[in-house]
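> Sharing a model prediction with you, sequence too.
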Amino acid sequence: DSGVTQTPKHLITATGQRVTLRCSPRSGDLSVYWYQQSLDQGLQFLIQYYNGEERAKGNILERFSAQQFPDLHSELNLSSLELGDSALYFCASSVSTGQETQYFGPGTRLLVL
Amino acid sequence: GESVGLHLPTLSVQEGDNSIINCAYSNSASDYFIWYKQESGKGPQFIIDIRSNMDKRQGQRVTVLLNKTVKHLSLQIAATQPGDSAVYFCAENRNNQGGKLIFGQGTELSVKP
């Protein structure tokens, strides 16, 4: 158990819908990262937040957004869902920002029908 | 595009043998590397990391070797056990990109009893 929690574990929804994925980092960690894992793209970095502020951005679609709240939990919002958004979404956390161990949560499996 | 590639997609070894998983990275500016293990249905689990000022680092039954000249990284697992069966990912972190991890495609390690 990494100490990072994610909810829900599974999510099934329809195209065009909007969903919110939630992540709680390890106690004491200030950075939260979001990654997408799909069969064709592998593990792709989406975005990083550090202490409430956006720190780094990957190839995150404009339909996707994230935020980190004062209690340091984070939410990833996915809107106007498409079939191709079906994937595993992982959250990771680390103590600070930069070159250090990132601990991953168990992931949310999203299926868009 | 950005990539951290793996030489072999699958590796099958006999229980008790040593395993070597290889990884090539593309950017000579990369200065921090991590190996993760991902078991089916779980999030990536940190194994070991190495910074570019080192060429070798050892953990419990694992060793990571870094060859900056040819931009190559390897993970050695000693006395491989059935519990080591998983997909192994190398990841690269570049200091000027915050905490963004760039993952390779992964190598599936299968341990035969």
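Looks like it came in fine.

> quick one: the strands in chain A?
Assigned by DSSP state E, the strands in chain A fall at A:5-7, A:10-13, A:19-24, A:31-38, A:42-50, A:53-57, A:64-68, A:74-78, A:87-94, A:103-104, A:108-112.

> Pull up the gap between the most centrally placed residue in chain A and residue A:17, please.
Nearest to the geometric centre of chain A sits residue A:34, at 3.2 Å (C-alpha atoms, centre = their mean). Going from residue A:34 to residue A:17 by C-beta to C-beta, to the nearest Å gives 19 Å. Quick note: C-beta positions are derived from backbone N, CA and C, even for glycine.

> re the thing from before, for the residue nearest to the centre of chain A, list the residues it contacts.
By C-beta atoms under 8 Å, 6 or more residues apart in numbering or on different chains, the contact list for residue A:34 reads A:23, A:45-48, A:60, A:66, A:74, A:76, A:89-92.

> Could you export these to TSV, including columns for neighbour count, distance to residue A:107 and pLDDT?
Listed next are the contacts of residue A:34 as TSV, based on neighbours: other C-beta atoms under 10 Å in any protein chain shown; distance: C-beta to C-beta, whole Å; pLDDT from 0 to 100:
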residue	neighbour count	distance to residue A:107	pLDDT
A:23	26	10	98
A:45	25	15	95
A:46	21	13	97
A:47	23	16	96
A:48	28	17	96
A:60	16	17	94
A:66	23	16	98
A:74	25	14	98
A:76	23	12	98
A:89	24	6	98
A:90	25	5	98
A:91	31	8	98
A:92	28	10	97
